[in-house]
Structures are given as structure tokens and as C-alpha cells.
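# Sequence and predicted model, in that order:
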Amino acid sequence: MEPPKAFIQTYGCQMNEHDTYRMMGVLAAEGYAMTNTPEGASLIVLNTCSVRHNPENKVYSFLGATRGLKKENPELIVAVAGCVAQQEGENILKREKGVDIVFGPDNLFELPEMISAVRRGERVLRTKWQPHERRVQNFIPEEWVEQGHVEGCKAYISITKGCDNFCTFCVVPYTRGREVSRESENILREARDLVSKGAKEIWLLGQNVNSYRVGSFGFAELLDGLSKVSGLPRVRFTSPHPNDWNNDLSDLMAERPSICNQLHLPFQSGSDRLLAEMNRGHTIEEYLEKIEYMRAINPRLELSSDLIVGFPGETEEDFADTLRVLEEVRFAQLYPFKYSPRPKTKAMNMEDDVPREVKEDRLAHVIALQRRIHEEDIQRYVGTEEEILIGGAHPKVRHTMNGRTDGFRPVSVVSDELEIGDFARVRITGAKGHWLYAERIDREESAPVATTALGAEQ
């Protein structure tokens, strides 16, 4: 007898991807086999994001597409998980009669129990936060700590959940809850287990990852401990908040080879007035001082950021301040968004007074500026040497593998010998779009002077 099949559609951030892997593990323990298509599945789960309005629209569009599958198979169970589920709750059950289960991020380990309830004829809503101490909770149950998932050579570990910042535009404290941190040994044990399963790169995840704290043990101590885990050559984390970033963390990154030279540090706006309206808790000068220090001690550091255009009250002067920051910092990657009001946030009560066409024009201006900056900067790599971690085969080009530098630059290299998880020393031969192209070189041929010169220019 064939096992029942489950299909999970994931929208959103790396935290949602990580939750999906956890759900896959829970379902596998219940005898489910995962499938890549909803057709033929006996369980469909939508793992959702509500940080922006557009992903929320995708959820209801996808649910509409499941109605036909439900008619063909009345036994099909449809579940909505994640942030939209937490945000909308019972409204989803009222709006979509074909949905059987709605559950929030805190309830994913209860999925087997919820499925059993549906089979008894119930429709299930579970969006209550799990009881926990104010600051500490091992929200990954002990029996699941050593059942983490390695995708290729990469793995994720959630170290914090929720957020206490309450930025006026952000829905996270209402969909993920208040911030809690896992015990450090609980995290390090999971890391060691993932390494034993083949992980070469581990990402630490949290809505505000660097505010991690359990007693006197903070993010710096955790990062220090993880950087010393035997057999783990690469460590990354996302996303830190500028308020909780300090020079000690910059020093640690520069000192430890296993902590990758990549930092995603959202700045959201170049206007101090708007930063105050957003409740970001810092000025743009303070943000830039931290960037200046970390680049002075670690010139090969690659920076990326998030940016909102069209926040309520944004003037042309405010927008010009943002453009000046982009010109000064020259981010390797930028994730700009048009402001959209989110339920329950303080900004929801502000007048959304920047016209849509102005938002779109400003977004286009930002994208064009970032494209120019990127095209100018990426050419500096040509002729330099990098060590890349191979993540997979090129999807279209035969005899070619794709990897990432420790600064997270994507690189394609021709090779019939490299495999996922291998490290390769390469010389960059060209650049197109966001991709670098390279040839493999032996370590004996390498000339480290080239990479040092690149760092000095940056």
C-alpha cells in the first residue's frame, strides 16, 4: 500500500522555509511521503507570509486553485499555516470552506493531532501561543532537536522566535509573537547533529537574530561557540537589527574564518525623521558609523539591506536622503519594497499619503540606482580568486556547478569533478547580472594578493 502524499507550498522568508522542513519531518514520522505537486496529494499545506500584502494575495489565489482538487477528492485535507494563518485565523475558515486546518507558527508540531481531528469530522483552528517563560523557551521540542534537515550542504537553525521591537510597519510581533530565545546548548547540539548529517554551512535564524539572549549568554557568545563547532566551515545568520549590532560583533566576524563575510543589516530609510516614525531606534549616522567600522577592519565584507519606499509622510527630501545612503554604502544586494499597510501595526493608523504612482516611481529609481552600483562593483571581481562552496549543479548548463563565495556571491564554474559540499578555489573570469563565472585552479597556482587587492578597493 502506497503511503499518503503531502504537498507543502511555502511563501516568505528563510524562517518559513525552515518551518516547512520541520513540518516535512513531522509528516514523515506520520508515514507521509512528500510530493512536488498538489495533484494526487492527500494533504496540502500552505505555509504563509504576511510581511507584505502581495504574498497574502498569493495565499487566497492558491486556495482558490485547491477547490477543484477538493471536489475531485473530498478526503483531501487542506491546511493554512504560518503568518497569514496567525493573522487571519477564523476568517480563513469562514472565507474558504475548503480549508480544514488553520494553525500558527507555534503549533506546527501539533500537526498530526490536527489531522486526526479533521478525520473525525472537525475543522481545526489553532493559533494560540504556546506557554513559555518570558525570555527563554526551547520552542523546538527536545525530541526534534536532532531531527533537523540538511538541504544539500546547507541547514538552518532557529535561535529566536518573534520580536519585541514593534517597528510601526511590521506585523511580525503579531504573527510570530514576542521574542523568545532557545537555550544555547539546545542550539549547539542541533548544530553538531546537522554537521554529522553533512551540513557545511549553517544559518542562524531569527526575526531579530542578534538580540538573542539567555541570561548572560548573548548572541556574541552563541556565535563564538558555533564558530568553534568541529567540522563546520561556514556560519551565516539573518537578520540582525542595527540597534543590537556592535563593534564586538564586527570584531568577532573579522577574527573567525568560519563566520562568513556577509551581513544583511536592514536600514529601511535614509531619513532620521522616518526612522523615528518607524520606531527603528537609531539614526542613519549611527547606522553608517557601524558600517564604517566593520569595513575598516574587514574590507571584504559584503553588505545587503532592506528598504521601504513610500512610508507614510515620505517627502522628496526623505527619499533623497535614502538615495545618498545607497550611494555611500554601495550594498552588494538590496531588497526594496513599496510600503503597504499591515493589520494591527501602528502605521496602519497613519495616513497612507504617498500616491501609488509615486511609490512605484521611487521604487524604480532605487532599483535603477542599485543596478548601476552593482554593475560597477561586480566587475572588480574579474581576475580575482575566491573559495566557493558548491551548492548544486547548474540547472541549464551541462558540466557546470554553482557555488557561493563566503560573501554570498553566486559563482558558476565548469567542472565534471565537483560535487555538492565541495570547496573549490576558483579564478573569476567574467560577470553577468548577479552571477560570477570562474575557472577552477589548484591551490598551488593561487595568488592571494588578488583577493587582498579587491578588499582594499572595496
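Looks like it arrived, so ask away. Numbers count the residues shown, from 1 in each chain.
# Let me know the helix or strand that residue 36 is in.
In the assignment (DSSP states H and E), residue 36 maps to no helix and no strand.
# any idea how far it is from residue 5?
Relative to residue 5, residue 36 is positioned 10 Å away (C-beta to C-beta, to the nearest Å). For glycine as for every other residue, the C-beta is placed from the backbone atoms N, C-alpha and C.
# Looking at these two, which is more packed in?
Each of residue 36 and residue 5 has its neighbours counted (other C-beta atoms under 10 Å); residue 5 has more, 19 against 8.
# Quick one: residues contacting that one.
32-35, 40-43 (C-beta atoms under 8 Å, 6 or more residues apart in numbering).
# Repeat that for residue 196.
Residue 196 sits next to residue 231 when contact means C-beta under 8 Å, 6+ apart.
# and the contacts of residue 5, which are buried?
Buried members of these, counted by 16 or more other C-beta atoms under 10 Å: 32, 35, 41-43.
# Mind checking which of these are in strands?
Those of these mapping onto strands are residue 43, per DSSP state E.
# Of the buried ones among the contacts of residue 5, which is the nearest to residue 61?
The nearest member of the buried ones among the contacts of residue 5 to residue 61, counting by C-beta to C-beta, is residue 41 at 18.1 Å.
# for the nearest residue to that closest one once chain neighbours are set aside, helix, strand, or coil?
Leaving aside its sequence neighbours, residue 41 sits nearest to residue 7 (C-beta to C-beta, 6 or more residues apart in numbering; 4.1 Å). Three-state call for residue 7 (DSSP: H, G, I helix; E, B strand; the rest coil): strand.
# Going forward, count from 362.
Renumbered: residue one is now 362, and that last one reads residue 368.
# partner residues bridging residue 368?
Here residue 368 sits in beta bridges with residue 405, going by DSSP bridges.
# Pull out the buried residues from the lengthiest helix in the chain.
The helix spanning the most residues in the chain, taking DSSP state H as the definition, is helix 717-739. Within helix 717-739, the residues that qualify as buried are 719-720, 723-724, 726-727, 730-731, 734-735, 738-739, counting by 16+ other C-beta under 10 Å.
# after that helix, next one along is what?
Once the chain leaves helix 717-739, the next helix or strand it forms, by DSSP H and E, is strand 746-754.
# partner strands of that next one, parallel or antiparallel?
Using DSSP bridges, the strands paired with strand 746-754 in its sheet are strand 761-765 (antiparallel), strand 784-793 (antiparallel).
# Deepest in the core, which of those is it.
strand 761-765 (a mean of 21; mean count of other C-beta atoms under 10 Å).
# what's that one in contact with?
749-755, 771-776, 779, 785.
# how about that strand as PDB, C-alpha atoms only?
Extracted C-alpha coordinates of strand 761-765, given in PDB (Å, rounded to 0.1, in the frame of the first residue of the first chain):
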ATOM      1  CA  THR A 761      28.900  23.300 -14.700                       C
ATOM      2  CA  MET A 762      28.400  23.600 -10.900                       C
ATOM      3  CA  ASN A 763      27.100  26.600  -8.900                       C
ATOM      4  CA  GLY A 764      28.500  27.800  -5.600                       C
ATOM      5  CA  ARG A 765      28.800  30.800  -3.300                       C
END
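# In the helix or strand following it, which residues are buried?
Using DSSP H and E, the helix or strand that directly follows strand 761-765 along the chain is strand 771-775. Residues of strand 771-775 classed as buried by neighbour count (16+ other C-beta under 10 Å): 772-775.
# farthest pair in those residues?
Greatest spatial distance among these (C-beta to C-beta): 772 and 775, at 11.2 Å.
# hey, which helix or strand in the protein has the poorest pLDDT?
Scoring the helices and strands of the chain by mean pLDDT, DSSP states H and E places helix 810-818 at the bottom, with a mean of 35.
# Residue 372: neighbouring residues, count only.
23.
# for it, what are its contacts?
When contacts are counted by C-beta under 8 Å, 6+ apart, residue 372 is found next to 407-410, 416, 419-420, 443.
# mind showing which ranges of the chain have poor pLDDT?
Low-confidence segments of the chain (pLDDT under 70): 414-416, 492-498, 804-819.
# let's see it at 90
Low-confidence regions of the chain, defined by pLDDT under 90, span residues 362-363, 372-377, 409-423, 425-426, 466-467, 489-509, 536-539, 576, 803-819.
# got the domain boundaries for it?
Domain assignment for the chain by automatic domain parsing gives 366-487, 503-740, 743-818.
# Give me the distance from the second one to the chain's centre.
Same thing as domain 503-740. Between the centre of domain 503-740 and the centre of its chain there are 9 Å (C-alpha atoms, centre = their mean, to the nearest Å).
# Look up the closest residue to residue 629, ignoring the ones flanking it.
Spatial nearest neighbour of residue 629, chain neighbours left out: residue 669 (5.2 Å); criterion: C-beta to C-beta, 6+ apart.
# how about the one you found, secondary structure?
Judged by three-state DSSP, the three-state class of residue 669 is strand.
# what bridges to it?
Residue 669 forms beta bridges with residue 698, as assigned by DSSP bridges.
# on that earlier part again, could you provide the contacts of residue 366 in JSON lines, with additional columns for distance to residue 761?
Formatted as JSON lines, the contacts of residue 366 follow (distance: C-beta to C-beta, whole Å):
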{"residue": "393", "distance to residue 761": "35"}
{"residue": "394", "distance to residue 761": "31"}
{"residue": "395", "distance to residue 761": "28"}
{"residue": "396", "distance to residue 761": "29"}
{"residue": "401", "distance to residue 761": "33"}
{"residue": "402", "distance to residue 761": "33"}
{"residue": "403", "distance to residue 761": "38"}
{"residue": "404", "distance to residue 761": "37"}
